[in-house]
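> Could you work out the structure for the sequence below:
(one chain, ligands or ions: 2)
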Amino acid sequence: MSAPCRVTINGRTVEVPAGTLVTDAARAAEVHIPIFCSHAKLPPLGACRICVVEIGLPKRGPDRQVVLAADGTPEIAWMPKVQTACTTTVADGMHVRTESPEAVKARKGVMEFLLVNHPLDCPVCDEGGECQLQDLAFAFGADFSRMADAASVPKSARSTASRSNASSAATASRCARSAR
Ligand code: SF4
Ligand code: FES
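Ligands and ions are numbered 1, 2, ... in the order given. The predicted model follows:
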């Protein structure tokens, strides 16, 4: 059995079994990482990207030894791009930032894409109040749109199904995966 991994998430260090997903390690550290397409009982998918975070690992020198900072702690080499927490497994010494400007900016960008063709119909939508997409939009969505073009779904064609396309796409992908 492999040794447990020590992971530091937003400054909180937890010890979790090797192979644990970053989302689950964050739960152990009581740090919230939003998820949309993933489900605890299904294999990782990484489709929606709302769970993006910054991830870093201890830096190693040419001799493969961990490089220490001036204060004696390992220097952390941060990956150049954000990663999906729901598909990334932990490694010993890993550091995760969920609320850094890069992570927050990336998450807001994901919300913008999820909502780009989504009607602003929450007050009259059947799913209003029980909608994961609505919750995520409240938490991470912008209060304006940069899109100048009209939405590709005309208002007349908006059924309950088209209203909830992003929300039901996530649900549908879970159903399809659980049926495999
Ligand atoms: S499906 Fe869309 S319109 Fe309906 S409650 Fe959710 S976010 Fe609002
Ligand atoms: S929750 Fe969808 S990519 Fe992670």
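
> in the chain, which strand has the most residues?
Counting residues, the longest strand in the chain under DSSP state E turns out to be strand 52-58.

> For E54, give its distance to Q65.
24 Å (Cβ to Cβ, to the nearest Å). C-beta here means a position set from N, CA and C on the backbone, and glycine is covered the same way.

> So those two - more neighbours on which side?
Counted by other Cβ atoms under 10 Å, E54 and Q65 do not tie: E54 has more neighbours, with 21 against 10.

> Pull out the buried residues from stretch 99-110.
With burial defined by 16 or more other Cβ atoms under 10 Å, the residues of stretch 99-110 counted as buried are 103, 106-107, 110.

> who's in contact with it?
With contact meaning Cβ atoms under 8 Å, 6 or more residues apart in numbering, stretch 99-110 is reached by 10, 34, 48-50, 52-54, 82, 97, 140-142.

> Give me the phi and psi for the closest residue to A47 other than its chain neighbours.
Of all residues not flanking A47 in the chain, C37 sits nearest, at 4.4 Å (Cβ to Cβ, 6 or more residues apart in numbering). Backbone torsions for C37, taken as degrees, to the nearest 10, come to phi -90, psi -10.

> Please look at C37 and C48 and confirm they touch.
Yes - taking contacts as Cβ atoms under 8 Å, C37 lies within contact range of C48: 4.1 Å.

> Of the buried residues of stretch 99-110, just say which sits nearest to K41.
V110 (23.4 Å; Cβ to Cβ).

> so the closest one sits in a helix?
Yes - with DSSP: H, G, I helix; E, B strand; the rest coil as the criterion, V110 is part of a helix.

> ok, which of the contacts of stretch 99-110 also contact ligand 1?
Counting by Cβ under 6 Å from any ligand atom, nothing from those sits close to ligand 1.

> got a winner among those residues for most neighbours?
The most crowded member of these, judged by other Cβ under 10 Å, is V53 (27 neighbours).

> distance of that residue from H32?
Using Cβ to Cβ, we find V53 at a distance of 11 Å from H32.

> Now do the shared contacts for these two.
Taking Cβ under 8 Å, 6+ apart as the criterion, V53 and H32 both touch T98.

> Given the longest strand of the chain, what are its sheet partners and their directions?
Strand 52-58 pairs in its sheet with strand 76-78 (antiparallel), strand 83-84 (antiparallel), strand 94-97 (antiparallel), by DSSP bridges.
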